[in-house]
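Chemist: Provided below are the primary sequence and the corresponding predicted coordinates.
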Amino acid sequence: MFKSTLGAAVLLASLALAQNANATLIFADNFNTEKLGLNYNGFAKWDVTEGSVDLIGAVNFFQFFSKAQGRYVDLDGTPLGVKPTPASVLSTKTIFKAGTYTLSFLLAGNQREKTQKSTEVTLGNFSVVIGPLPEFTPLTLETFTFTTTGGKLTFTELGKSDLKGNILDDVVLTTAVPELSTWAMMLLGFGLVGLQVRRRSGGTRFNATA
């Protein structure tokens with residue numbers, strides 16, 4: 001019984017490592033194939049459904065970070081006419097199915113003047129608000145694993161537009177895999193069950209001999 005339990009534990013551990021290595025990429029965009037522009041809405045993978053965003057990140061065109069970072073989105077762009085509330089709503093063209101996902105992206109604060117903004121991220125019934133971010137906050141990796149009813153991935157810049165928004169880049173969505181802590185608990189539980197069965201089996205043989 002012990003050998004069988006150990007073998008099962010090794011199998012589960014191998015499966016955990018394999019699944020962690022095989023998370024499926026669902027969506028990714030670093031905006032580098034897009035054209036630069038203020039009040040931009042020519043995205044291949046996104047729609048600006050409210051307000052305005054700017055596609056920036058080149059010499060003499062609001063290059064706040066290193067050239068290696070490429071292009072990125074100012075989530076409070078240059079609107080035509082009245083400054084909207086919220087400043088912008090940027091949504092994927094893709095509608096994602098219900099399921100469990102891991103979402104990562106880079107988000108920075110306004111890089112121009114003293115102002116702080118918050119960005120709300122939603123996908124179906126998943127929602128999180130990041131901020132308010134202090135001005136000149138550098139690009140910071142944000143990662144979330146969640147289960148959702150499905151829908152479009154949306155970034156909403158909260159508050160009224162003042163033309164100085166948080167900066168978004170490198171959005172990646174993958175299928176989620178169980179965390180190592182979850183696998184560890186599964187393996188521990190399996191081992192305890194096996195040990196209990198072994199003890200009961202040993203007790204039965206003792207009673208039979210008596």
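Modeler: Yes, it's here. These numbers come from a predicted model, not from an experiment. Numbers count the residues shown, from 1 in each chain.

Chemist: Can you pull up the most central residue in the chain?
Modeler: L103 (1.5 Å; Cα atoms, centre = their mean).

Chemist: and it, what does it touch?
Modeler: By Cβ atoms under 8 Å, 6 or more residues apart in numbering, L103 lies in contact with 121, 123, 143-146, 153, 171-173. To be clear about C-beta, it is placed using only N, CA and C from the backbone, and glycine gets the same treatment.

Chemist: Same check on F64?
Modeler: Contacts of F64 by Cβ under 8 Å, 6+ apart are 56-57, 108, 111, 167.

Chemist: any chance of the residues you listed in TSV, with distance to T78, secondary structure and neighbour count too?
Modeler: Listed next are the contacts of F64 as TSV, based on distance: Cβ to Cβ, whole Å; DSSP: H, G, I helix; E, B strand; the rest coil; neighbours: other Cβ atoms under 10 Å:
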residue	distance to T78	secondary structure	neighbour count
I56	10	strand	21
G57	15	coil	24
A108	18	strand	22
Q111	15	coil	20
I167	15	strand	28
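
Chemist: Using CSV, please lay out those residues together with pLDDT.
Modeler: CSV is the format used below for the contacts of F64 (pLDDT from 0 to 100):
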residue, pLDDT
I56, 98
G57, 97
A108, 98
Q111, 96
I167, 98
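
Chemist: from these, which is closest to I130?
Modeler: The shortest gap between I130 and any of the contacts of F64 belongs to A108, at 10.8 Å (Cβ to Cβ).

Chemist: how far away is L36 from G42?
Modeler: Using Cβ to Cβ, to the nearest Å, L36 is found at 10 Å from G42.

Chemist: When these two are compared, which one has more neighbours?
Modeler: L36 (14 against 10; other Cβ atoms under 10 Å).

Chemist: I'd say F96 and F27 touch.
Modeler: Yes - if you go by Cβ atoms under 8 Å, F96 and F27 touch, sitting 7.4 Å apart.
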